[in-house]
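J.: Coordinates only, no sequence provided:
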């Protein structure tokens, strides 16, 4: 599966209305410096010490928003 990795801060800037709220991210343990990744289906995962945990998902035109926000492509 391919992902784009970013920080929690980048993710907060990327999220649109109708998707996760900033408070939802904080409850899931995502902060400004967290490492998160998003797969091609829009699932958001946070890196823990020994695993990745799903914390939510993106909707709509997230592929374009991801590339524009991070300058990265799926890897």
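T.: Looks like it arrived, so ask away. The shown structure was predicted, so the numbers you read here are calculated from the model rather than taken from an experiment.
J.: show me where this protein has strands.
T.: Here the chain has its strands, by DSSP state E, at 3-7, 35-39, 43-47, 52-57.
J.: quick check: angle from the last one to strand 43-47?
T.: Going back to what we said before, that points to strand 52-57. Strand 52-57 and strand 43-47 are oriented at 140 degrees to each other (axes from the mean of the first three to the mean of the last three C-alpha atoms, to 10 degrees).
J.: so what does strand 52-57 touch, helix or strand wise?
T.: helix 22-27, strand 43-47 (3 or more C-beta pairs under 8 Å, 6 or more residues apart in numbering; DSSP states H and E). Yep, even glycine has a C-beta here, placed from its N, CA and C like the rest.
J.: quick one, which of the strands of the chain is nearest to residue 66?
T.: strand 3-7 (5.3 Å; C-beta to C-beta).
J.: The closest one pairs with which strands?
T.: strand 35-39 (antiparallel) (DSSP bridges).
J.: Not counting its own residues, what contacts the partner strand?
T.: Counting by C-beta atoms under 8 Å, 6 or more residues apart in numbering, strand 35-39 makes contact with 1-8, 11, 30, 44-47, 52, 55, 58, 62, 66, all of which sit outside it.
J.: Mean confidence (pLDDT) on that strand, please.
T.: Averaged across strand 35-39, the pLDDT comes to 96.
J.: How about stretch 8-19?
T.: 85.
J.: For the remainder of this discussion, apply numbering that starts at 50.
T.: Yes, from this point I'll number from 50; that puts the last item at stretch 57-68.
J.: quick one: buried residues of that stretch?
T.: By neighbour count on 16 or more other C-beta atoms under 10 Å, the buried set for stretch 57-68 is 57, 59, 60, 61, 63, 64, 68.
J.: ok, back up a step: of all the strands of the chain, which lies closest to residue 121?
T.: Among the strands of the chain, the nearest to residue 121 by C-beta to C-beta is strand 52-56 (5.0 Å).
J.: Distance from the closest one to the middle of the chain?
T.: Its chain's C-alpha centre and that of strand 52-56 lie 7 Å apart, by C-alpha atoms, centre = their mean, to the nearest Å.
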